[in-house]
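Q: Starting from these lines, generate the structure:
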Amino acid sequence: MSIHPSAVIAEGAVVPDSCEVGPFSTIGPDVVLGEDCRLISHVVLDGHTRIGNKNVFYPFCSVGIAPQDLKYGGEPTQTEIGDDNTIRECVTISRGTVKGGGITRVGSKNLLMAYVHIGHDCRVGSGCILANAATLAGHVNIEDFATVGAFSPVHQFCTVGKYAFIGGGTIVTQDVLPFSLTSAKRENRAFGINKIGLARRGFSEDRLKTLQKAFRYLTSSKMNTTQALEQIRGMEGEDAKLLAEFIEKSQRGIIK
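A: From the prediction side, this is the model:
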């Protein structure tokens, strides 16, 4: 067993010899770890928590912690995690509540990216990806092989179906169909040049006027992007050239 001297393992915790417990990690008395788990550093495992084999916990993640529920009164509720999960930095997984069934479950072979939150009494299947800062309120069910995009909150009691993909920044307030691609509307637009910022960077009035003209071609005229690009290519100055080259190189299209 590899245990750093600064780690704290409570009496009663089950930690197999094949596990690695890194610096400043803490393991509570009712935690049971499977084989070949790795706690890199500053990991907190707490509560009545059972963890399978070959899980990797990155710094500052907290698993099995008390739920963020004002009705929780310290009951010995549980957390269960399967095998071969990657749990990245600052992930939080809350244990269950009595009224919610008493257990939070995470399956196997999941990737939980940094700052993911899995609330009390959630069920996360296997083969799922929860991207950075995806947030599951209590009682959420994520079925197998689903993906929840970055910064996407999922409302209490919602279910995300198998193989669904939720685009980043999507607020989920109802069940998400299996096999679906579900995303919030994208209504971003360019509002002209960053005039004040450019002036602070020393851009002259002539340079600003040139860029304003170029942006009018892009955003205010009736030209499509190809037609606007032709007009910008014909303009003088390095700024217009840089803008034209940027548009030409774009792989995903431009916001305008």
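
Q: all helices of the stretch 51-200 of the chain, in order?
A: Remark: helices assigned in the stretch 51-200 of the chain by DSSP state H, counting those that start in this stretch are 195-200.

Q: In the chain, which helix is the longest?
A: helix 205-219 (DSSP state H).

Q: Please spell out which residues along it are buried.
A: Buried positions in helix 205-219, judged by neighbour count with 16 or more other Cβ atoms under 10 Å: 207, 208, 210, 211, 214, 215, 217, 218, 219. The C-beta positions use only the backbone N, C-alpha and C, and glycine is treated the same way.

Q: got the contact list for that helix?
A: Helix 205-219 has contacts (Cβ atoms under 8 Å, 6 or more residues apart in numbering) with 189-193, 195, 198-199, 203, 223, 225, 228, 231-232, 235-237, 239-240, 243, 254, 256.

Q: What subset of the residues you listed is buried?
A: 193, 203, 228, 231, 232, 235, 239, 240, 243.

Q: Quick one: mark the members of those that sit in helices.
A: Among those, DSSP H puts 228, 231, 232, 239, 240, 243 in helices.

Q: Could you save those residues as CSV and add columns showing pLDDT and distance to residue 113?
A: Listed next are those as CSV, based on pLDDT from 0 to 100; distance: Cβ to Cβ, whole Å:
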residue, pLDDT, distance to residue 113
228, 95, 37
231, 96, 42
232, 96, 38
239, 96, 38
240, 95, 39
243, 96, 34
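
Q: Nearest to residue 5, out of these: which one, please.
A: For these, the residue nearest residue 5 by Cβ to Cβ is residue 243; the value is 57.2 Å.

Q: Any figure for the gap between that closest one and residue 19?
A: 55 Å (Cβ to Cβ, to the nearest Å).

Q: how near is residue 53 to residue 177?
A: 33 Å.

Q: which residue is nearest the centroid of this protein?
A: residue 132 (1.6 Å; Cα atoms, centre = their mean).

Q: Just list the residues touching it, thanks.
A: Contacts of residue 132 by Cβ under 8 Å, 6+ apart are 113, 114, 115, 116, 150, 151.

Q: let's see 10 Å
A: Residues counted as contacts of residue 132 (Cβ atoms under 10 Å, 6 or more residues apart in numbering) are 88-90, 112-116, 149-152, 168.

Q: Strands - which of the residues you listed land there?
A: If you go by DSSP state E, the contacts of residue 132 have residue 112 in strands.

Q: And the contacts of residue 132, which of them are buried?
A: 88, 89, 90, 112, 113, 114, 115, 116, 149, 150, 152.

Q: Check the first one and give its pLDDT.
A: It stands for residue 88. According to the prediction, residue 88 has pLDDT 98.

Q: measure the nearest residue to residue 8 once chain neighbours are set aside to residue 65 for me?
A: Leaving aside its sequence neighbours, residue 8 sits nearest to residue 26 (Cβ to Cβ, 6 or more residues apart in numbering; 4.6 Å). Per Cβ to Cβ, residue 26 is found 11 Å from residue 65.

Q: what residues do the two have in common as contacts?
A: Going by Cβ under 10 Å, 6+ apart, residues that sit against residue 26 and also against residue 65 are 44, 45, 46.

Q: Kindly give the local confidence score, pLDDT, for the second one.
A: Model confidence at residue 45, given as pLDDT, is 98.

Q: Could you do the one 4 residues further on as well?
A: If you check residue 49, the pLDDT there is 98.

Q: same deal with residue 256?
A: 88.

Q: ok, it touching residue 189?
A: Yes: in this structure, residue 256 is within contact of residue 189 by Cβ atoms under 10 Å, at 6.7 Å.

Q: Span of stretch 143-154 from start to end?
A: Stretch 143-154 has an end-to-end distance of 13 Å (Cα to Cα, to the nearest Å).

Q: swap that for stretch 89-107, please
A: Per Cα to Cα, stretch 89-107 runs 19 Å from first to last residue.

Q: Run the chain-centre distance for it.
A: Chain-centre distance of stretch 89-107: 17 Å, with Cα atoms, centre = their mean, to the nearest Å.
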